[in-house]
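Engineer: Sequence and predicted model, in that order:
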Amino acid sequence: MTRVIRFVVFVVVAVVAIVYGYREGQRRAPERSHAPESPAVTMRPLRGWNVHDDPSGFVVQVPRRWRVARNGQSGRVDVIGPRGHSVVIWPAFIPQRFEADAAPAVLRSFTAKILPGIEWGDVRVKGPTARAEARPGKLAAVAAMTWAESPMGTAAYVYVAAAPASAFQEEQESFAHIIETFHIAGTRVDTKAVAATRFERWEDPREHAFSLEVPAGWKVEGGLVRIASMDARPALEMVSPDGEIRVTAGDSEIPTFAEPSTALQTAGFAPGSWYSPSEGVKMMVRRYATGMEFAREYGLSRTAAGCSNVNFTEKRDRPEVSGYLDDARARLEGGAAMRLSAGEVAFTCAKAGRPHAGSCFAGTLRTEAPGGAAMWRVEMLYGCLAPSERLGEAQAALERAMATFAYSPEWSGKQQKVTAETSQIISETHKRLSHSSRPGGADEIARRRSNATLDLQESIGAARGLQVKVESGSIYYWIDDRGDIVGTRKDTKPNVDLGALIRLP
């Protein structure tokens, strides 16, 4: 909880810094009489303005006839006026330290996405704030970025205000008020109901293979489903007493997959067909899907079943989970190359005429044999769906299930050695998952982080402003003066000749 409070504080500081930076840059604008502390929470809307309370978790005041649009994948918020006026507010989270010399290159990468084709002047950096103005033209614009560090990484806010050059000056106060009133509201949950939830231990009734804690009084169905001697899948569903909340873990209907190959194609096994490498084992031929890709697919088809108007508000990879499991699996015997990809999504939808929200987390494990043949399976799968105001209860049940899931040592002892060792690794991974940021919208800090999850594929070298592409697989990347790139899993520079690559959205 202390860590969460610290993160909230530095995000609030970041927002205040944005407003301060904007006002400092607009020297011709008159000063307001109110102080900037806690600006949006108590500020009344101006005459002719509306309060936009977005269901994804933010509030902003906007002039009438202006519209607000949010990109659920990146977290970008666009406030658009009827005459070509606009304000873009883009929260970003960088899971590493952010050096001031990287600010100009990072700000330029954002402005290129927001206003492509606009030429910008020099970026001025003062403390944790960077600012630039568009060069004279038909469109006038100002861009700024502010950031604040925490033990988890760097939170940044980027904003760009733009209007036709002839109207920009008269709209400065409107731009400032929009930025000043933007704040994170968070998902509204019944904290008393969450705190009052009691949990009890539930054990697999079929083979006593695993156990976990579930809310007392909830209906729980499922257990271990054995498809073949070496194919046993845990799966369960728990539903609140009133039937409004559903939490799932695993799915016995998801098969093991074989990756398409020339050999399979020649033998007549095209994608979508079933392939049996040995008696009692059936695999579906299918292209490998990352954890985030599978979470999105499963969330849409299963977790959000019965919903309409499904809208994904978050999509992100979870490299810290993947990295831990990959390192642990490297200790296993067998010679096969194993790689796990973890990811999660969150969504909103409508069900029975009420707004609902949910999330889905998936971890897909790809195994490549020495001969090159590859197979993959869904190693971890969790999901939840609830009325929006009760999402906190669903998330509490989901987190408790993830944290307390454990295979029985007695059951594991009956399996092969690798199976037993893998089971222990998975149990440890579930515990780790519960201690990192929550998937979905119940925890607003998780939402802000996931909104700002930056793609590993595109990075920028702070010192030279060189934009490069890197392969996924590492958590941190470094570049030297010759352009050579090194990837690491720890936030420690491999040698003094390397500079950090900043990951971009």
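Structural biologist: Yep, that arrived. Residues are numbered from 1 along each chain as shown.

Engineer: and after the helix or strand harbouring Asn50, which helix or strand comes next?
Structural biologist: Assessed by DSSP states H and E, Asn50 sits inside strand 49-54. On the C-terminal side of strand 49-54, the closest following helix or strand by DSSP H and E is strand 58-63.

Engineer: now that next one against strand 49-54, angle please.
Structural biologist: With axes from the mean of the first three to the mean of the last three CA atoms, to 10 degrees applied, the angle from strand 58-63 to strand 49-54 works out at 150 degrees.

Engineer: Parallel or antiparallel, which strands does strand 58-63 pair with?
Structural biologist: Strand pairing for strand 58-63, using DSSP bridges, gives strand 49-54 (antiparallel), strand 183-184 (antiparallel).

Engineer: before we move on, back to that, ok, and for the strand holding Asn50, which residues are buried?
Structural biologist: Buried positions in strand 49-54, judged by neighbour count with 16 or more other CB atoms under 10 Å: 49, 52. (C-beta placed from N, C-alpha, C; glycine too.)

Engineer: If you average the pLDDT over it, what comes out?
Structural biologist: Averaged over strand 49-54, pLDDT sits at 88.

Engineer: And the protein, what are its domain boundaries?
Structural biologist: Dividing the chain into domains by automatic domain parsing, as the record does, gives the ranges 2-184, 191-441, 458-503.

Engineer: Which parts of the stretch 151-300 of the chain are helices?
Structural biologist: 172-181, 191-196, 262-266, 291-298 (DSSP state H, counting those that start in this stretch).

Engineer: Can you say which of the ones you listed is nearest to Phe210?
Structural biologist: Phe210 lies closest, by CB to CB, to one member of the helices of the stretch 151-300 of the chain: helix 291-298, at 20.4 Å.

Engineer: Report the rounded mean pLDDT for the very next helix or strand once past the closest one.
Structural biologist: For helix 291-298, the following helix or strand on the C-terminal side (DSSP H and E) is strand 308-317. The average pLDDT within strand 308-317 is 86.

Engineer: and Met402, what helix or strand is that in?
Structural biologist: Going by DSSP H and E, Met402 is in helix 391-404.

Engineer: Summarise which helices and strands that helix is packed against.
Structural biologist: Using 3 or more CB pairs under 8 Å, 6 or more residues apart in numbering; DSSP states H and E as the contact test, the elements touching helix 391-404 are helix 191-196, strand 199-203, strand 210-215, strand 246-249, strand 354-368, strand 374-387, helix 417-435.

Engineer: Show residues contacting the second one.
Structural biologist: For strand 199-203, the external contacting residues (CB atoms under 8 Å, 6 or more residues apart in numbering) are 210-216, 220, 236, 400, 404.

Engineer: Could you do the fourth one as well?
Structural biologist: By CB under 8 Å, 6+ apart, the residues outside strand 246-249 that reach it are 212, 234-240, 302-303, 381-386, 394, 397-398, 401-402, 405.

Engineer: could you redo the last one with a cut-off of 7 Å?
Structural biologist: Contact partners of strand 246-249, identified using CB atoms under 7 Å, 6 or more residues apart in numbering, comprise 236-239, 303, 382-385, 394, 397-398, 401.

Engineer: And stretch 202-216, what's buried?
Structural biologist: Those would be 202, 204, 207, 209-210, 212-215, for stretch 202-216 by 16+ other CB under 10 Å.

Engineer: Then stretch 349-364?
Structural biologist: Quick answer for stretch 349-364 (16+ other CB under 10 Å): 349, 351, 356-364.

Engineer: now do stretch 169-176
Structural biologist: For stretch 169-176, by 16+ other CB under 10 Å, it's 171-172, 174-176.

Engineer: From Glu399, how far off is the residue lying closest to Ala216 once chain neighbours are set aside?
Structural biologist: Leaving out its chain neighbours, the residue that sits closest to Ala216 by CB to CB, 6 or more residues apart in numbering is Arg198, at 4.3 Å. Distance of Arg198 to Glu399, given as CB to CB, to the nearest Å: 15 Å.

Engineer: The two: which is more packed in?
Structural biologist: Each of Arg198 and Glu399 has its neighbours counted (other CB atoms under 10 Å); Glu399 has more, 20 against 8.

Engineer: What average pLDDT does stretch 253-267 get?
Structural biologist: pLDDT averaged over stretch 253-267 gives 89.

Engineer: and what of stretch 347-364?
Structural biologist: pLDDT averaged over stretch 347-364 gives 92.

Engineer: now do stretch 413-426
Structural biologist: Rounded mean pLDDT across stretch 413-426 is 56.

Engineer: can you check stretch 479-491 too?
Structural biologist: 65.

Engineer: go on, stretch 78-98?
Structural biologist: On average, stretch 78-98 scores 83.

Engineer: from the contacts of strand 199-203, which two are the most distant?
Structural biologist: Phe210 and Ala216 (19.1 Å).

Engineer: Val87 reaches Phe175, doesn't it?
Structural biologist: Yes. Proximity of Val87 to Phe175 meets the contact threshold set by CB atoms under 7 Å, at 5.6 Å.

Engineer: Please enumerate the shared neighbours of those two.
Structural biologist: In contact with both Val87 and Phe175: Ala161, using CB under 7 Å, 6+ apart.

Engineer: Can you tell me the strand partners of the very next helix or strand once past the helix holding Met402 and which way each runs?
Structural biologist: Following helix 391-404 in sequence order, the next helix or strand is strand 406-407 (DSSP H and E). Its sheet considered, strand 406-407 pairs with strand 210-215 (antiparallel) by DSSP bridges.

Engineer: got the CA coordinates for the partner strand in CSV?
Structural biologist: Extracted in CSV, the C-alpha atoms of strand 210-215 (Å, rounded to 0.1, in the frame of the first residue of the first chain):
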residue,chain,number,x,y,z
PHE,A,210,-3.9,-28.3,-6.4
SER,A,211,-5.6,-25.9,-4.0
LEU,A,212,-6.2,-22.1,-3.7
GLU,A,213,-8.2,-19.7,-1.7
VAL,A,214,-11.6,-18.5,-2.8
PRO,A,215,-14.2,-16.1,-1.3
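
Engineer: residues in contact with it?
Structural biologist: Against strand 210-215 from outside (CB under 7 Å, 6+ apart): 197-204, 220, 224, 234, 238, 397, 400-401, 404-408.

Engineer: contacting residues for Asn309?
Structural biologist: 349-350.

Engineer: distance of it from His356?
Structural biologist: Following CB to CB, the distance that separates Asn309 from His356 is 10 Å.

Engineer: anything in contact with each of these two?
Structural biologist: By CB under 7 Å, 6+ apart, the residues touching both Asn309 and His356 are 349-350.

Engineer: Quote the end-to-end distance of stretch 67-81.
Structural biologist: Length of stretch 67-81, first residue to last, CA to CA, to the nearest Å: 7 Å.

Engineer: which residues are contacting that stretch?
Structural biologist: 52, 54, 56, 58, 60, 62-63, 66, 86-91, 178, 311-315, 451-452, 505.

Engineer: thinking again about what came up before, among the buried residues of stretch 169-176, which one sits closest to Ser276?
Structural biologist: Checking the buried residues of stretch 169-176 one by one against Ser276 (CB to CB), the nearest turns out to be Phe175, at 63.7 Å.

Engineer: and the helix or strand where Phe110 lies, which residues are buried?
Structural biologist: Using DSSP H and E, Phe110 sits in helix 103-114. Using 16+ other CB under 10 Å as the burial criterion, the residues of helix 103-114 that qualify are 103-111, 113-114.
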